[in-house]
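Asker: below is the sequence, then the predicted model.
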Amino acid sequence: MSDQVSDPDSQPEEPSGRSVLVTGGNRGIGRAIAEAFLAQGDRVAVTSRSGGGPDGALDLTCDITDAAAIEAAFTEIESAHGPVEVLVANAGITADTLLVRMSDDEWSSVIDTNLTGSFRLAKRAVSKMMRLRRGRIIFISSVVGLLGSGGQVNYAASKAGLVGMARSIAREYGSRGITANVVAPGFVETDMTETLSDDLKATYKAQVPLGRYGSTDEIASAVTWLASDGAAYITGAVIPVDGGLGMGH
């Protein structure tokens, strides 16, 4: 058996998979999305305020309302995985109350996290995607942003704003091979919905034509498809994953 001789002129192998960033990737929908990309062999980074991302991901603590924290996170991701090729802006918060009771802080905190935070992330990601001449940006909105919801004026406004943002980015950067799309989940089985009373769960399910909640895996499937080669000609789209609740609004 002969010894193998290494070729001194050979180049190191390129890392497999794409560089993917999922914000809010430590739990719920974000975690399922991160795990789906990991299962495909992608190099995945997740950010959250508290940490605790899935095994195999680059787990970063980052507050997306802090521009300096976003810059630090991207710098670390680029060092470990290369420029972000797929951005999934999923991180979001709620502060629900009726309009007449909503404080300026309850309004601004939700807008700053859900909408302005997504703007900051997209702006930073696009700066490197332009050089690559490719990229996928996927915003996680909500059926609430399309239909409205009592007690969620701030949340609905923030999620509706993502649609206009995605479509503007799609027009600005389509010529650079960058797509921007929106996934709008409906009622999904998460830790948050588990705390609802049985009566309230039944009320929500009765509004859904398919008669059930969605799963986080079903949301993740839509996201990974939008990031796939098969969706290369889709940009500026809103994909509802809501069991028919919004009927395409």
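Answerer: That came through fine. Numbers count the residues shown, from 1 in each chain.

Asker: CA atoms of the strand ranked longest in the chain as CSV?
Answerer: For the chain, the longest strand by residue count, based on DSSP state E, is strand 178-185. The C-alpha trace of strand 178-185 is given here as CSV (Å, rounded to 0.1, in the frame of the first residue of the first chain):
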residue,chain,number,x,y,z
ILE,A,178,-30.6,39.7,-4.6
THR,A,179,-34.2,38.6,-3.8
ALA,A,180,-36.4,39.9,-0.9
ASN,A,181,-39.5,38.1,0.1
VAL,A,182,-41.9,37.8,3.1
VAL,A,183,-43.4,34.8,4.9
ALA,A,184,-46.5,35.6,6.8
PRO,A,185,-47.4,32.9,9.3
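
Asker: where do the strands sit along the chain?
Answerer: Applying DSSP E to the chain gives strands spanning 19-23, 43-48, 58-61, 86-89, 135-140, 178-185, 238-241.

Asker: centre of the chain to the lowest-mean-pLDDT helix or strand in the chain, how far?
Answerer: One helix or strand of the chain scores below all others by mean pLDDT, DSSP states H and E: helix 191-194, with a mean of 72. Remark: helix 191-194 is offset 19 Å from the chain centroid, using Cα atoms, centre = their mean, to the nearest Å.

Asker: before we move on, what about stretch 78-98?
Answerer: Put simply, stretch 78-98 sits 5 Å off its chain's centre (Cα atoms, centre = their mean).

Asker: now do stretch 231-238
Answerer: 15 Å.

Asker: what does stretch 113-133 give?
Answerer: With Cα atoms, centre = their mean as the basis, stretch 113-133 stands 12 Å off its chain's centre.

Asker: how about stretch 100-108?
Answerer: The answer for stretch 100-108 is 25 Å, by Cα atoms, centre = their mean.

Asker: ok, and what's touching that stretch?
Answerer: Applying Cβ atoms under 8 Å, 6 or more residues apart in numbering, the contact partners of stretch 100-108 are Ala95, Thr97, Val153, Asn154. (Each C-beta comes from the backbone N, C-alpha and C, glycine too.)
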